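**Student:** Quick one, structure for this:
(chains A, B and C, ligands or ions: 1)
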Amino acid sequence: MWNRKIAIVDLSAKTVTAKPIPREIRKKYLGGRGLNMYLLYNHLQPNVDPLGPENLLLVGSGLLAGIPCLGSGRCDIAAKSPLTGAVGDSNIGGFFAPELRLAGYDHVAITGKADSPSYLLLKDGAIEIKDASHLWGKDTFDTQEALRRDEHDEKLVSLVIGVAGENLVRYANVRTGMKNAAGRTGMGCVMGSKNLKAIAARGTTPIEFADPDNLLRYCREMNEMITSTRWAKAQSRWGTMIIYSNTNTTGLIRTRNFQLNRLVDGEDLEPENIDRYSIGTSGCFGCAVHCRHRYVLKEGPYAPLYGEGPEYTSLGAFGTMLDCRKMETILVANHLVNKYGLDTLETGGLIAWAMELYEKGLINEESTDGLQLKWGNEDVVFDLIRKIAYREGFGDTLADGFKPAIAKVGTDSEYYAIHVKGMSNLHSDERPTPSFALGIATSTRGADHLRSRPAIDMYGLPENMLKEIYGGSVATDYSSYDGKSRMVWWQERLYAVTDALGVCKFQTVFCAVHAPKWREFSTLINLATGMTITEDELMRVGERIYTLERLFNLREGFSRQDDSLPDRYFTEPTPIGLPVAKGKKIDREKFDAMLTEYYDLHGWNLQGVPKSETLKDLNLSKEPSKLF
Amino acid sequence: MSEVRCLNCLKRFTVHSQVKEASCPHCKTKYRISWPTPNQAKVRGLA
Amino acid sequence: MQRILVVDPERCTGCRLCEAACSLFKEKKCAPEHARVQVTKWENQGIYIPIVCQQCETPICEVVCPMHAIKRDSNTNAIVIDENTCVGCRLCAQFCPIGGISIDENASRLIKCDLCSGDPVCVEFCQPEALKHIEPLKLGTMKKRTAAEKYSEYLRKTLDTH
Ligand SMILES: [Zn+2]
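**Tutor:** As a prediction, the model looks like this:
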């Protein structure tokens, strides 16, 4: 455990060095996102150009990568985001993280820029920067296949970018396998800016554990704990799409960008309909839930086509938000963004915005180079996805993300842009749920549900149960503002630790109450590494990671004003839905009060700046410290 | 037999095996039901 | 009654829990390359096939072993290698038609499933039940039921329409 290493690669100088990861850094930050945030904050100069060679690309396996439970194969990728200018950070499942560890490294820090297309090969301790000119222009699937062929190794696992990353689309993602993506904040764009097409890993160096026998036993318990929940059982059957059953029925889904909160006549997008195309499900490393489908399209202009997913996010990005009501549209669009290496949510969010602008007459066929951006026009959607990836015509306008696109199209268009800190939101409509709304506003990486979403808020759980989980009073009613700041604060810390351990958020308290959390994490850390970290200490690790991300954003010029929501959340009530969700909007004053409460729980002042006693308490006063 | 949670009033109610529709006895909202496993029901959509 | 380890690739989700659990139990590490069961994949087509020793009735490994180091364990029905007798000629690994025996990276050790003394760990971890440890007769019954279910669906539909 204590000899595990970080590789430091300078693509400009073509140098590679390796260093052990010190024990005290492990205890403070664990691994994955935690360690990446430590590295990012302490090793990146403030205010650098995210696309410049000085930006630091960090790839890190979670501390628990390789254990047989909870989807322990997750890898965290971080840099300064070219989309938002804030913390760039995205988590990816699949099989890369364990393979990286088997190759002898836990983390890779990449700086500089290669003078021609290159890929990085990490194999049993050795690291090589290799020529990738023959891979440039290839899609994400072919690139991985070509790497396996070129390296004569069918078990090689790669993180790759598609043409979107090569063309510096600011929300290009990093991909592995057919489906897994480090989707958000444009980490693929950073790879593209460094001329880095892929990072490939392969190894046979075993991952060692402190107490293997008890770890094995406990992992089995963990798998049983999660698979016995109702949520996991449904997810094993139909994937994350099952969320649609609840949210669309209730009226919690953005439709036609932000005009409606339910897709009327949206039956074809019900998860049950994936059975028509599915040949079975697929799981990431060490996952007993296996939440994605392997699907085949046998007919239509895009057939034959094999793809994986789609996620709930894609149902929204290419379905409800664009008013496309056919499952097949989703399957094709999902396949296209995966192939080009584009973030689903950003792509769908921007197209939805453009469609509303087109409807309102703020843009027309002249500005869209002939595209008729009408709701539900699937052919235009497919075309625009390609144009974004290749930066052609109107696609080039959308390829830079919301803030630059608004500047280009005109300030009138801003009202229709559903983003926070420059990042598009999920298609969820948070107006009826203040806890969700606060979470997307405070998220350090821009509008996003994966930083904090307390989905169990939707269940109307009894107050005593909520108190037991969250350690303080939280209202049962999801439309209430009471205690919801506490909920968000708690989940932010839990997910920060989850990403640092490299296990799957869906196998923690996300949508299931009786799922692993602090105690189980503490036990797993102890059995896997021998470190004793109590539940309380683990919460402080979460606080430390989140506070460091906050410090990073403050240094880059973000402030309380950026922890807000698009105006429409405050001005337009939800027009339809079940009585529980209809006629709801966010109350500005209550939202502000909730935000202040939230800062206070974190130990930050009214401006959202961490107080000196907070920094002292978290052992952050001495940052920045340096590892290399 | 299984239970589902009503999405409107958030109370749980019982549904009989393999039924395709059910109404919440508390708030009367009517749902279509599907079965991810033979013993577990979920809401599919509004009826 | 003796049980057999049965692989059902149609149920495999490719998660490799079997590899991680097997190597953790047998090697006390995460070492997928040393796992007795390994998943072969065609990633871009979504095809996953776990491969593990089938403890053959006429084990070729036993036949080719010049030292008679390979024998059946009567308790578990597993074919096991006696490490004290084995000279490491690796003929067993070379002749096995299904890759049931692996050679480690130093070519110094043979790695083979011994059914974990009768309760295979991989089976315990395989949530979708792509790996099962069952009585031999059950395999036929199971396969027949799967096939019959398809007919029964058809029959039910026909009856419904009448
Ligand atoms: Zn009800």
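
**Student:** Might you report the residue contacts of the residue positioned nearest the centre of chain C?
**Tutor:** In chain C, the residue lying closest to the centroid (Cα atoms, centre = their mean) is residue C:52, at 3.1 Å. Residues counted as contacts of residue C:52 (Cβ atoms under 8 Å, 6 or more residues apart in numbering or on different chains) are C:5, C:7, C:36, C:37, C:38, C:100, C:113, C:122, C:131. Using the backbone N, CA and C atoms, a C-beta is placed for each residue, glycine as well.

**Student:** So what sits opposite the second one in the bridge?
**Tutor:** Beta-bridge pairing of residue C:7, defined through DSSP bridges, involves residue C:131.

**Student:** Run a quick neighbour tally on it.
**Tutor:** Counted with other Cβ atoms under 10 Å in any protein chain shown, the neighbours of residue C:7 add up to 18.

**Student:** any idea how far chain A is from it?
**Tutor:** Separation of residue C:7 from chain A (Cβ to the nearest Cβ, to the nearest Å): 15 Å.

**Student:** so that residue touches residue C:134, yeah?
**Tutor:** No: contact criterion Cβ atoms under 8 Å: residue C:7 and residue C:134 do not qualify, at 11.4 Å.

**Student:** ok, for residue A:608, nearest residue in space, not its chain neighbours?
**Tutor:** Excluding its sequence neighbours, the residue lying closest to residue A:608 (Cβ to Cβ, 6 or more residues apart in numbering or on different chains) is residue A:560, at 4.7 Å.

**Student:** mind listing what that neighbour touches?
**Tutor:** So residue A:560 contacts A:595, A:606, A:607, A:608 (Cβ under 8 Å, 6+ apart).

**Student:** and the second one, what helix or strand is that in?
**Tutor:** Element membership of residue A:606, judged by DSSP states H and E, is empty: it is in no helix or strand.

**Student:** ditto for the first one
**Tutor:** Per DSSP H and E, residue A:595 falls inside helix A:588-602.

**Student:** Can you mark which positions in that helix are buried?
**Tutor:** Within helix A:588-602, the residues that qualify as buried are A:591, A:594, A:595, A:596, A:597, A:598, A:599, A:601, A:602, counting by 16 or more other Cβ atoms under 10 Å in any protein chain shown.

**Student:** Then stretch A:570-587?
**Tutor:** Those would be A:570, A:574, A:577, A:578, A:580, A:581, A:582, A:584, A:586, for stretch A:570-587 by 16+ other Cβ under 10 Å.

**Student:** and residue A:168, what does it touch?
**Tutor:** With Cβ under 8 Å, 6+ apart, residue A:168 has these contacts: A:51, A:82, A:189, A:192, A:193, A:391, A:399.

**Student:** And residue A:304, by the same measure?
**Tutor:** A:296, A:297, A:298.

**Student:** now swap in residue A:95 and tell me
**Tutor:** A:73, A:157, A:176, A:177, A:284, A:285, C:16.

**Student:** where do the strands sit along chain C?
**Tutor:** Secondary structure of chain C (DSSP state E): strands at C:4-7, C:29-30, C:38-42, C:47-51, C:70-72, C:79-81, C:101-103, C:110-112, C:131-134.

**Student:** and these as a markdown table, adding mean pLDDT?
**Tutor:** Putting the strands of chain C into a markdown table (pLDDT from 0 to 100) gives the following:
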| stretch | mean pLDDT |
| --- | --- |
| strand C:4-7 | 95 |
| strand C:29-30 | 97 |
| strand C:38-42 | 97 |
| strand C:47-51 | 97 |
| strand C:70-72 | 96 |
| strand C:79-81 | 97 |
| strand C:101-103 | 95 |
| strand C:110-112 | 96 |
| strand C:131-134 | 96 |
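
**Student:** Could you dump those strands into JSON lines and include distance to residue A:88?
**Tutor:** JSON lines is the format used below for the strands of chain C (distance: least, Cβ to Cβ, whole Å):
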{"stretch": "strand C:4-7", "distance to residue A:88": "42"}
{"stretch": "strand C:29-30", "distance to residue A:88": "29"}
{"stretch": "strand C:38-42", "distance to residue A:88": "31"}
{"stretch": "strand C:47-51", "distance to residue A:88": "33"}
{"stretch": "strand C:70-72", "distance to residue A:88": "55"}
{"stretch": "strand C:79-81", "distance to residue A:88": "51"}
{"stretch": "strand C:101-103", "distance to residue A:88": "41"}
{"stretch": "strand C:110-112", "distance to residue A:88": "42"}
{"stretch": "strand C:131-134", "distance to residue A:88": "40"}
